[in-house]
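Colleague: sequence plus the predicted model coming up.
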Amino acid sequence: MSSDFSVYALPDEHRAVREAVRAICTDKVAPAAASVDEEARYPQEAHDALLAADFYAPHVPEEYGGAGADALATVIVIEEVARADASASLIPAVNKLGSLPIQLGGSEELKQKYLGALARGEGGFSYCLSEPDAGSDAANQKTRAVRDGDDWVLNGVKRWISNAGVSEYYTVLATTDPEKGSRGGISAFVVEKSDEGVSFGAPEKKLGIKGSPTCEVYLDNVRIPGDRIIGAEGEGFEIAMRTLDHTRITIAAQAVGIAQGALDYALGYAKEREQFGKPIADFQGLQFLLADMGMRVEAARQLTYAAAARSERHEDDVTFFGASAKCFASDVAMQVTTDAVQVLGGYGYTREYPVERMMRDAKITQIYEGTNQVQRIVAARQLLAGVQSDL
């Protein structure tokens, strides 16, 4: 029996993507990361650099003017940006989250119009699912969409919307038939920032990812054309859940990048910091800590890449792998960044060093796009249903 071990090697084209993104991040993203966090401002430097290099929304297919990056390449882009600045990594990540419903269920006209606009950098794309009473209970949609002639009229409030106010376009989930609920009663729509009746709340004051604005989105009698529905009426919740199966993998990638950035800094510090006459990296106790950090990061990366491959192929087990990768990688990010602070000791607890920021940024990866408690429920249900592949 012969074996092709190249299956475990990253293809050359993906290595090239990593090198290109890393160079951009070293030059443009990382130098601004501390000020972006300190000032809680949108990372415009990263935005401009990623857009110029076609990494702003790399997932958009070539036929709509995009780079046509596959799921693994997109994961690598997000991972590398997060390694430098987690806030900046939400630019390509949120653009995929917001626009993927159109790719999965939108009409050709919607794809041409909005994916093309996204690829050209005419505006980012946000995802409006969560509401004040619809967090983990995502089916509990209070936002309503009512037919009026050929149009739809939307009313409601969306909460915890990443890049709200910056993005030009929004995928909005709304109830169209209250009696059916999630089984055919929820639909998805494209809302534009410029639509009359759209407004935004003040940015949330957050623990981390301060450079990515998180706001409420208010829909007050927002009238949109009938052709802005994504898919058929009543298909919205299914499209939303399918979207999350794929985009949870991008959060896993973000978590891997944050963890890798923290590990990189901790390793460099341990080699330079001396105590008792020698570098602290020479002490076995610290070596054990660093070894565990490295093993966890690599395990999370491998699971994330495996999930990305399944996403690209639309495998039946992508729900299990998406939930598992997101859950495992985000737990790793929290553990590794906390350990990185420990490696630096008192210095790690100050804002003069980036691991403090990385630890704060890591926490959200355990929460958004479904808490890790929800991810474990999803993964368990998939296992019990016998969906998990053995390859």
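Modeller: Good, I have the coordinates. Remember, it's a predicted structure, so these values are computed and weren't measured experimentally.
Colleague: just the helices from the stretch 251-391 of the chain, written as ranges.
Modeller: Listed in chain order, the helices of the stretch 251-391 of the chain (DSSP state H, counting those that start in this stretch) span 284-313, 318-344, 355-364, 372-384.
Colleague: what angle do the shortest one and helix 318-344 make?
Modeller: With axes from the mean of the first three to the mean of the last three CA atoms, to 10 degrees as the criterion, the two stretches helix 355-364 and helix 318-344 enclose an angle of 160 degrees.
Colleague: mean pLDDT and mean neighbour count added to the helices of the stretch 251-391 of the chain, as JSON lines?
Modeller: Every C-beta, even on glycine, is put in place using the N, C-alpha and C of the backbone. JSON lines is the format used below for those (pLDDT from 0 to 100; neighbours: other CB atoms under 10 Å):
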{"stretch": "helix 284-313", "mean pLDDT": "98", "mean neighbour count": "18"}
{"stretch": "helix 318-344", "mean pLDDT": "98", "mean neighbour count": "25"}
{"stretch": "helix 355-364", "mean pLDDT": "98", "mean neighbour count": "25"}
{"stretch": "helix 372-384", "mean pLDDT": "97", "mean neighbour count": "16"}
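Colleague: how are the strands of the protein distributed by residue range?
Modeller: For the chain, the strands defined by DSSP state E cover 125-128, 144-148, 151-162, 169-175, 186-192, 198-200, 214-225, 229-230, 274-275, 278-279.
Colleague: show me what the second one is packed up against.
Modeller: The contact analysis (3 or more CB pairs under 8 Å, 6 or more residues apart in numbering; DSSP states H and E) places strand 144-148 against strand 151-162, strand 169-175.
Colleague: ok, now the fourth one?
Modeller: In this structure, strand 169-175 packs against helix 86-105, strand 125-128, strand 144-148, strand 151-162, strand 186-192, strand 214-225, helix 236-272, with contacts taken as 3+ CB pairs under 8 Å, 6+ apart.
Colleague: figure out which of these is closest to A202.
Modeller: For the helices and strands packed on strand 169-175, the distance to A202 is smallest for strand 214-225, at 6.9 Å, taking CB to CB.
Colleague: okay, buried residues for that closest one please.
Modeller: Across strand 214-225, burial judged by 16 or more other CB atoms under 10 Å covers 214-217, 219, 222, 224.
Colleague: count the neighbours of G184 for me.
Modeller: For G184, the count of nearby residues is 17 (other CB atoms under 10 Å).
Colleague: what residues are up against the closest residue in space to it that isn't next to it in sequence?
Modeller: Leaving out its chain neighbours, the residue that sits closest to G184 by CB to CB, 6 or more residues apart in numbering is G234, at 3.8 Å. G234 makes contact with 176-177, 180, 184-187, according to CB atoms under 8 Å, 6 or more residues apart in numbering.
Colleague: distance-wise, check the closest residue in space to A46 that isn't next to it in sequence relative to D48.
Modeller: Spatial nearest neighbour of A46, chain neighbours left out: A88 (3.6 Å); criterion: CB to CB, 6+ apart. Distance from A88 to D48, counting by CB to CB, to the nearest Å: 11 Å.
Colleague: what residues does D339 make contact with?
Modeller: Going by CB under 8 Å, 6+ apart, D339 touches 262, 266, 289, 292-293.
Colleague: if we use 10 Å, what do you get?
Modeller: D339 is in contact with 259, 262-263, 266, 289-290, 292-293, 296, 348, 355, 359, counting by CB atoms under 10 Å, 6 or more residues apart in numbering.
Colleague: state the number of residues packed around I230.
Modeller: 24.
Colleague: any idea of the pLDDT on the closest residue to it other than its chain neighbours?
Modeller: Leaving aside its sequence neighbours, I230 sits nearest to A188 (CB to CB, 6+ apart; 4.0 Å). We have a pLDDT of 98 for A188.
Colleague: I'd say A188 and L154 touch.
Modeller: No. Checked against CB atoms under 10 Å, the pair A188 and L154 is beyond contact range at 11.3 Å.
Colleague: if I look at the residue of the chain most remote from its centre, how far off is Y347?
Modeller: Outermost residue of the chain with respect to the C-alpha centroid, by CA atoms, centre = their mean, is G277; its distance is 43.8 Å. For G277, the distance to Y347 equals 19 Å [CB to CB].
Colleague: do the same with E80
Modeller: Using CB to CB, E80 is found at 26 Å from Y347.
Colleague: the more surrounded of those two?
Modeller: In this view E80 and Y347 are compared by other CB under 10 Å, and E80 has more residues nearby, 27 against 14.
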